[in-house]
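Participant: generate a structure from the sequence data that follows.
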Amino acid sequence: MPTAPSSNSFSLTEAEWKARLTPAQFHVLRKKGTERPFTSDLLKIKGDGTYLCAGCDLELFAADSKFDSGTGWPSFFRPLSPASVRTEEDKSLFSTRTEVLCPRCGGHLGHVFDDGPAPTGLRYCMNGVALKFQAKK
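Facilitator: Numbering: from 1, shown residues only. I've put the predicted structure just below:
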């Protein structure tokens, strides 16, 4: 499932990232952290729109691909396009998972699992602080 790495076209120093992001966003996006489950305000959003990377504003997921996975993190069954996210193998927690990253800024978004709903069977389990919601106008 991993996709080929891409070059980051949105590069900042660590100090610039700290100035741009909240401490929670910095922890998740730049240090590959995880927010506590059921803490994201994005879980409550049901409107039409697009979910963007909180680091660089790249469009990642359409609201119509969001579903309630019951896990406590915003979940989607597909990105806007295959190029909207980048994946890498993650062996950090005694198992192998597939990490999801922003292809523009390289920010850690979450992980993708193969236990999602139709039509893809995938569950993109994203950290809410790594995303921003832009309502459709």
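Participant: mind checking the SS state of Thr87?
Facilitator: Under the three-state scheme (DSSP: H, G, I helix; E, B strand; the rest coil), Thr87 adopts strand.
Participant: give me the beta-bridge partners of it?
Facilitator: Beta-bridge partners for Thr87, by DSSP bridges, are Val100.
Participant: tell me how many other residues surround it.
Facilitator: Around Thr87 sit 22 other residues, with neighbours defined as other C-beta atoms under 10 Å. The way it works is simple: take the backbone N, C-alpha and C, and place the C-beta from them, glycine included.
Participant: pretty sure it is touching Glu99, no?
Facilitator: Yes: counting by C-beta atoms under 8 Å, Thr87 does reach Glu99; the two are 6.4 Å apart.
Participant: is the closest residue in space to Trp73 that isn't next to it in sequence bridged to anything, and to what?
Facilitator: Distances taken as C-beta to C-beta, 6 or more residues apart in numbering put Cys125 closest to Trp73, at 5.0 Å, once the chain neighbours are dropped. Note on Cys125: beta-bridge partners Ser75, His111, judged by DSSP bridges.
Participant: list the contacts for Cys125?
Facilitator: Residues counted as contacts of Cys125 (C-beta atoms under 8 Å, 6 or more residues apart in numbering) are Ser69, Thr71, Trp73, Pro74, Ser75, Gly110, His111, Val112, Phe113.
Participant: kindly report the same for Thr34.
Facilitator: With C-beta under 8 Å, 6+ apart, Thr34 has these contacts: Val28, Gly110, Asn127.
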